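K.L.:
Following is a predicted model, sequence given first.
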Amino acid sequence: MGKSVYEMVTERIIEQLENGVIPWEKPWTGLKSGAFNRISKKSYSLLNQMLLKHDGEYATFKQWQDLGGHVRKGEKSEIVVFWKIQPVEEKREDGSKEIKQIPLLRYFNVFHISQIDGVDPLPTTGLKEIEPIEKAESILHSYWDREHITVENIAGNKAYYSPACDLIHLPLFEQFKSANEYYSTAFHESVHSTMKESRCNREEERKGKLVAFGSDEYSKEELVAEIGSANLLNIIGIETPKSFRNSSAYIQNWLSVLKNDVKFVVSASSKAEKAVKYILNEA
C-alpha cells in the first residue's frame with residue numbers, strides 16, 4: 001500500500017528538520033519571496049510553503065508543457081497539497097440515507113522553474129519595501145485593541161498567554177536582544193490568544209485534557225503559535241533570527257513529535273493560517 005498524503009507531508013518536514021532547517025521559519029510572502037503557481041500567480045498555502053524547497057514559480061508537468069516548456073530529464077517533482085471535498089453516503093439509524101461532505105487531503109506533483117527549459121521566468125514585481133517595525137506595532141495593537149486583550153510588559157523572563165484572564169504577558173521591550181525577537185515573541189503569544197472560543201476556538205480540543213509541557217496537546221498548540229508567528233514576521237518582511245533558540249534541542253523535540261503523528265503538521269499549519277488571518281482581520 002502506498003504512502004498517505006499525510007505521511008508524504010510529514011516525511012518532507014522531517015527531512016528538512018534533520019538537515020537543520022526549521023521549515024516554518026522560511027519566508028513566504030507571495031511574489032516577493034515565497035512560492036507561487038505560475039499560472040494562477042497565487043501564493044501557495046502556509047503548509048505548501050513549508051513543503052516546497054524553493055521560492056518562486058512552480059507548476060505541474062502539464063502546465064509547463066502548455067506554456068511551451070519541458071521538464072529536464074532526471075528532475076524530481078515536489079508535492080503541493082489541497083483539500084478535496086468528497087460526498088459520502090451514510091445510513092442513518094432509521095435506515096434513511098444522508099450525504100456527508102468529507103474533506104480529503106490530496107496532492108499535485110509540481111516542478112520549479114529552475115527545472116524547466118523553454119520558459120522564461122516572470123519579471124519581478126518591484127514591491128514597495130515597508131517599515132517592518134511600524135507594521136509590526138500596527139498589527140499587534142490593532143488586534144489587541146479590537147479584541148480587548150490585556151497586554152502587560154513587565155521586567156522578567158516569562159512570556160505567556162493566560163486564557164482565563166485573556167492576558168498576554170511579555171518582558172520589557174529593552175530586555176530582548178533585538179526588535180525581531182520581541183515581535184517574534186509577541187506574535188507567538190498573540191497566536192496563542194486566538195485559541196479562545198470566541199476567536200478561532202482551539203480551546204475545545206484542550207477541554208478535559210491535562211495540557212502538560214511536552215504533551216501532544218501542548219506541542220500542537222506550540223507548533224500553531226510557531227508557524228503563525230513566523231508567518232506574521234515574514235509577511236511584514238522581518239527576517240526570522242536563527243539564533244533565537246537552542247536549535248538542536250528544539251529540532252529534536254519536533255522530530256520526536258512528528259514521527260509519532262503523521263497528521264500533526266497538516267492540522268497545526270491549517271490552524272496557524274486561520275489564526276494569522278484572524279489577527280490581520282482577514283477572517
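P.N.:
Everything's here; your move.

K.L.:
Now do the lengthiest strand in the chain: distance to the chain's middle.
P.N.:
In terms of residue count, the longest strand belonging to the chain (DSSP state E) is strand 97-112. Distance of strand 97-112 from the chain centroid (C-alpha atoms, centre = their mean, to the nearest Å) equals 19 Å.

K.L.:
biggest helix in the protein by residues?
P.N.:
If you go by DSSP state H, the chain has its longest helix at helix 216-235.

K.L.:
the helices in this protein, which residues?
P.N.:
Secondary structure of the chain, counting by DSSP H: helices at 5-18, 46-51, 61-66, 132-147, 179-193, 216-235, 247-260, 264-279.

K.L.:
elements contacting the first one?
P.N.:
Right, helix 5-18. The helices and strands touching helix 5-18, judged by 3 or more C-beta pairs under 8 Å, 6 or more residues apart in numbering; DSSP states H and E, are helix 46-51, strand 78-91, strand 97-112, helix 247-260, helix 264-279. In short, each C-beta sits where N, CA and C put it, glycine included.

K.L.:
for the last one, packing partners?
P.N.:
In other words, helix 264-279. helix 5-18, helix 46-51, helix 179-193, helix 216-235, helix 247-260.

K.L.:
make it 6 Å
P.N.:
helix 5-18, helix 46-51, helix 216-235 (3 or more C-beta pairs under 6 Å, 6 or more residues apart in numbering; DSSP states H and E).

K.L.:
which parts of the longest one are buried?
P.N.:
Which is helix 216-235. Under the neighbour-count criterion of 16 or more other C-beta atoms under 10 Å, helix 216-235 has 218-235 buried.

K.L.:
Select the helix or strand of this structure having the lowest average pLDDT value.
P.N.:
Lowest by mean pLDDT, DSSP states H and E among the helices and strands of the chain is helix 247-260, with a mean of 81.
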